[in-house]
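S.K.: Pasting a predicted model and its sequence here:
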Amino acid sequence: MRIPILLAPWVLLGLAGCGGSSSSPSPGERNLVPIEHFIGNPQGPLARKPSPGKTQVAFLQSSQGVHSRVMNLFVQQGTEAPVQVTSGIDRNVFRFNWFNENRLGFLRDPDGSEGYRLYGVNPDGSRFQELTPPHLQGVDTEPLCPESPGADRWLVAIGPTHGTKDLYWIDVVTGEFGLKEKNPGNIRRLLRSPDGKMLLAWSMDGVNNAMLYRPHEGAPFRQVGQSAAYPDLLLPCRLEGGGLAVALSNLGRDKLVKVRMNLADGQITRVLSRDPARDVGAEENPPGEFSTGGWLQANLGPRAERAGTLTAEALPKSDGLGVPVSYESRDGLVIHAFLHLPTGVLPAKLPAVILCHGGPAAMVAHGGDPVARFLASRGLVVLEPNFRGSSGFGKEFEAAGFGQWGRAMQDDLADGVKWLVDNGLADPARIGIVGASYGGYAALAGATLHPWTYRCAVAIAGPSNLLTFLAAPYSMGATAYLRMVVGDPQSDADRLREVSPALHAHQVRIPILIAHGSRDSRVPIAESEQMVAALQAQGKPVEYLAFPEEGHSYWCENTSLTLFRAVERFLGEHLGSRVAP
């Protein structure tokens, strides 16, 4: 787990799309796997969760909403037919849990701005009620746990979407609420003790972070051990008995490891788990936290690393599943990636796409990404690089990306293009770049800073002018983090101008498809608007899709389908990939 960063990863975007063709479809095009197989809401029941008494089961399932299909909440008792307990909504139920045997709670983002609100409903669909206090608008809600075991009063963190949150109690039956504890201004995470008390915390101002502890609620928090300056991290995971806590730490080492710490002196008493190749990830929240619902990812097997020329056993056998590969950057850094090959065709000099993840402090962790598989199903070779600046490979690798937007980070992607060509997989004249969020920036940077490398670009919700992007009104922590990772708009202004795509539109030689949601709270839509205006002023080929009802991620299914039908058509037109009729 990393700090809450400004840019959402690519996989968060709700996706869609199969487009039309003006010519008669070939037999291969008629037999293409429907886009709904990869994109949009899954059809079957997801995240089945028994009630505390094990008498009923709640789950998410796609059904018709106000404007499109959405993930609704269902409850089934024994062998009876499931009851749909949410209806009349136009956005997915995001996460849910049982408050008690007779009451369910769920989170939903009502307008796409990432301001998640908490709702309660009975298992038969009655007593539907919004529980986030109505006077608190434009906020995000994070349910934590019952105030005491079995209590109707739950502790809930509420505050700005990208800022610190105060601790409230909410009666999930009556809807009554009250402020329990004001945030001192720097606490980003609270963890409960085994008896439900909020005694362990993590402070973060965007750069400096520390683990905090107090002996009882109401007492001031004190720092445990030394503070850290990102990318150094000391991140608490859970409180144990006997004055001990479990945490993730990379202090004094490159990779995050899971450790047990003494709360009295901050000393590490034992390393619980480590991975020599990657950071150890934070464990799942203990029982009682909200389920992650349908956004769980399958374990696709061991992380076997392969480098150099591909071998036959390294190639995916079906359905575009990716395999881990690696290549060397121009300055000698090893870049790990996932490669997806289309099935049923010889993998030689095919059209290809560099699919760039968001974050950039995120990673492609497995070969099951649905967008990559969708693109591979259309006859494209897809490479998903974990370029420098990606998280998960140790703090040195992540810090190697600091100040390198449009520079070494972009070179890592271009070096992936060279690797594809050198291995005979891609046609150098038919390679595109696609990405969302930071990946959207990378797509625009590829079109402007590496204009001879790519044939086309697709940029979704990407920054285009780093000076205006950094001037947007983010939280103090996000501002400090971005200035460390991207640059300071005052002292680094000239350097930032050099790598701002909107200021180099005259260098574009390829068509670009740009898409953005008007309610984006992470990357303002003005970033796409100024890029489009700059391209149009230079007479460059650009298509633009603006979605007034959408934010940065988790787009509605209809929007996602519209977007990716356009992506499918655009790539088919410029790369020669297949387009479903």
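M.R.: Arrived safely, thanks for sending.

S.K.: what's the lengthiest helix in the chain packed up against?
M.R.: In the chain, taking DSSP state H as the definition, the longest helix is helix 557-575. For helix 557-575, the elements it packs on are strand 350-356, strand 426-436, strand 456-460, strand 512-517, strand 542-547, judged by 3 or more CB pairs under 8 Å, 6 or more residues apart in numbering; DSSP states H and E. (Each C-beta comes from the backbone N, C-alpha and C, glycine too.)

S.K.: Just want the angle from it to strand 426-436.
M.R.: Interaxial angle, helix 557-575 versus strand 426-436 (axes from the mean of the first three to the mean of the last three CA atoms, to 10 degrees): 150 degrees.

S.K.: Helix 557-575 vs strand 512-517, what angle?
M.R.: 170 degrees.

S.K.: which regions of the protein sit below the pLDDT cut-off?
M.R.: Applying pLDDT under 70 to the chain flags the ranges 1-30, 65-68, 282-320, 475-476.

S.K.: The stretch 1-150 of the chain: strands as residue ranges?
M.R.: 46-50, 56-64, 69-77, 83-84, 93-100, 103-108, 117-121, 129-130, 139-146 (DSSP state E, counting those that start in this stretch).

S.K.: With distance to Gln226 added, can I get these in TSV?
M.R.: Shown next, in TSV, are the strands of the stretch 1-150 of the chain (distance: least, CB to CB, whole Å):
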stretch	distance to Gln226
strand 46-50	39
strand 56-64	42
strand 69-77	43
strand 83-84	52
strand 93-100	34
strand 103-108	35
strand 117-121	36
strand 129-130	43
strand 139-146	27
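
S.K.: Pipe those into JSON lines and attach distance to Phe387 and mean neighbour count per row.
M.R.: Output for those, formatted as JSON lines (distance: least, CB to CB, whole Å; neighbours: other CB atoms under 10 Å):
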{"stretch": "strand 46-50", "distance to Phe387": "32", "mean neighbour count": "15"}
{"stretch": "strand 56-64", "distance to Phe387": "34", "mean neighbour count": "20"}
{"stretch": "strand 69-77", "distance to Phe387": "32", "mean neighbour count": "21"}
{"stretch": "strand 83-84", "distance to Phe387": "43", "mean neighbour count": "13"}
{"stretch": "strand 93-100", "distance to Phe387": "29", "mean neighbour count": "21"}
{"stretch": "strand 103-108", "distance to Phe387": "32", "mean neighbour count": "23"}
{"stretch": "strand 117-121", "distance to Phe387": "36", "mean neighbour count": "22"}
{"stretch": "strand 129-130", "distance to Phe387": "42", "mean neighbour count": "15"}
{"stretch": "strand 139-146", "distance to Phe387": "29", "mean neighbour count": "21"}
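
S.K.: nearest to Met211, of those?
M.R.: Evaluated over those, closeness to Met211 peaks at strand 139-146, with 17.8 Å, by CB to CB.

S.K.: Beyond that closest one, next helix or strand please.
M.R.: Next helix or strand after strand 139-146 toward the C-terminus (DSSP states H and E): strand 153-160.

S.K.: How far does the next helix-or-strand element following that following strand sit from its chain's centre?
M.R.: In the C-terminal direction, the helix or strand that comes right after strand 153-160 (DSSP H and E) is strand 166-171. Its chain's C-alpha centre and that of strand 166-171 lie 27 Å apart, by CA atoms, centre = their mean, to the nearest Å.

S.K.: Neighbouring strands - and their directions - for strand 166-171?
M.R.: Strand pairing for strand 166-171, using DSSP bridges, gives strand 153-160 (antiparallel), strand 177-181 (antiparallel).

S.K.: ok, and which of those has the densest surroundings?
M.R.: strand 153-160 (a mean of 21; mean count of other CB atoms under 10 Å).

S.K.: can you list contacts of that one?
M.R.: With contacts defined as CB atoms under 8 Å, 6 or more residues apart in numbering, strand 153-160 is touched by 99, 105, 118, 131-133, 136, 138-147, 165-172, 180, 183, 190, 192, 198, 475.

S.K.: For Glu557, give its distance to Pro581.
M.R.: Counting by CB to CB, to the nearest Å, the gap from Glu557 to Pro581 is 21 Å.

S.K.: Tyr327 now?
M.R.: For Tyr327, the distance to Pro581 - CB to CB - is 36 Å.

S.K.: Among these two, which residue is more densely surrounded?
M.R.: The neighbour comparison of Tyr327 against Pro581 (other CB atoms under 10 Å) goes to Tyr327, with 22 against 13.

S.K.: Surely the more buried one is within a strand?
M.R.: Yes. Assigned with DSSP: H, G, I helix; E, B strand; the rest coil, Tyr327 falls within a strand.

S.K.: Surely Ile433 touches Gly416?
M.R.: No. If you go by CB atoms under 8 Å, Ile433 and Gly416 don't touch, sitting 9.8 Å apart.

S.K.: Quickly list what's touching both of the two.
M.R.: Ile354.

S.K.: Assign a three-state SS to Ser521, would you?
M.R.: Ser521 - assigned by three-state DSSP - is coil.

S.K.: need the contact list for it.
M.R.: Ser113, Glu114, Gly115, Thr161, His162, Gly551, His552.

S.K.: pretty sure the last one is in contact with Arg522, am I right?
M.R.: Spelled out, that is His552. Yes. His552 lies in contact with Arg522 (CB under 8 Å); the separation is 4.4 Å.

S.K.: Who has more neighbours out of those two?
M.R.: His552 (27 against 23).

S.K.: What does the more buried one show for phi and psi?
M.R.: Backbone torsions for His552, taken as degrees, to the nearest 10, come to phi -90, psi -30.

S.K.: wait, which of the strands paired with strand 166-171 is closest to Pro428?
M.R.: Short answer: strand 153-160, nearest of the strands paired with strand 166-171 by CB to CB, at 46.5 Å.

S.K.: what angle sits between that closest one and strand 139-146?
M.R.: Going by the same axes, to 10 degrees, strand 153-160 makes 160 degrees with strand 139-146.

S.K.: So what angle separates the directions of strand 153-160 and strand 117-121?
M.R.: 150 degrees.
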